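Colleague: Sequence and predicted structure below; questions after.
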Amino acid sequence: MSKIYGIIKERRKTLGLTQKVVSEKLSIPQSHFSKIESGLSDTRMSTIVDICRVLELEMTLVPNNKIRVVRALMEDSYARMDKPAWVPDEEA
C-alpha cells in the first residue's frame, strides 16, 4: 500500500493541488488526508478510490499471475525480456 500513497502524493503535486484542496473535495479533514499520504492511516479502499477519482487516477486490480505482463506492457520493456510474459491463446 505504501506505493499507492506515494503515487497519490506525486499526482497531487503534479496537478498543483494542496492537501487542503484535495481534502475539501473529499470532505475529510486536511490532517486526515496528510496521514493518508504519509501512510500513517489505515485507509479504507473506498477512500482510496475516492482519492483516485479526485486526482484523476485509475485503479486497476491485477491478478498476481498477470503482474509481470502488465508491468512489462506499462514499461514497454516486453521486447527486452528473456522470454515472452504471454503467449497467444492459440498456443496455450
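Modeller: Received it, and whenever you're ready, just let me know what you need. None of the values given here were measured: they were computed from a predicted structure.
Colleague: helix, strand or coil for Val69?
Modeller: Taken by DSSP: H, G, I helix; E, B strand; the rest coil, the conformation at Val69 corresponds to helix.
Colleague: which one is Thr47 nearest to, not counting chain neighbours?
Modeller: The spatially closest residue to Thr47, leaving aside those adjacent along the chain, is Ile36, at 7.2 Å (CB to CB, 6 or more residues apart in numbering). All C-beta atoms are positioned from the backbone trio N, CA, C, and that covers glycine.
Colleague: what's the neighbour count on the one you found?
Modeller: Taking other CB atoms under 10 Å as the neighbour definition, Ile36 ends up with a count of 23.
Colleague: for the host helix or strand of it, what is the average pLDDT?
Modeller: Assessed by DSSP states H and E, Ile36 sits inside helix 30-38. Confidence over helix 30-38 (mean pLDDT, whole number) is 95.
Colleague: what separates that helix from the chain centre, distance-wise?
Modeller: How far helix 30-38 lies from its chain's middle: 16 Å, per CA atoms, centre = their mean, to the nearest Å.
Colleague: Just the buried residues of it, please?
Modeller: Along helix 30-38, the positions that meet the burial threshold by neighbour count (16 or more other CB atoms under 10 Å) are His32, Phe33, Ile36, Glu37.
Colleague: now for stretch 15-22, what's the gap between its first and last residues?
Modeller: Between the opening and closing residues of stretch 15-22 we find a distance of 11 Å, counting by CA to CA, to the nearest Å.
Colleague: which of the residues in that stretch are buried?
Modeller: Gln19, Val22.
Colleague: ok, residues contacting that stretch?
Modeller: Contacts of stretch 15-22 with the rest of the structure, by CB atoms under 8 Å, 6 or more residues apart in numbering, involve Arg12, Gln30, Phe33, Ser34, Glu37, Ile51, Val54, Leu55, Glu56.
Colleague: Distance from the chain centre to it, please.
Modeller: The chain centroid and the centroid of stretch 15-22 are separated by 17 Å, computed with CA atoms, centre = their mean.
Colleague: got it, and stretch 17-27?
Modeller: The gap between where stretch 17-27 is centred and where its chain is centred comes out at 18 Å by CA atoms, centre = their mean.
Colleague: average pLDDT across that stretch?
Modeller: Averaging the model's pLDDT scores along stretch 17-27 yields 97.
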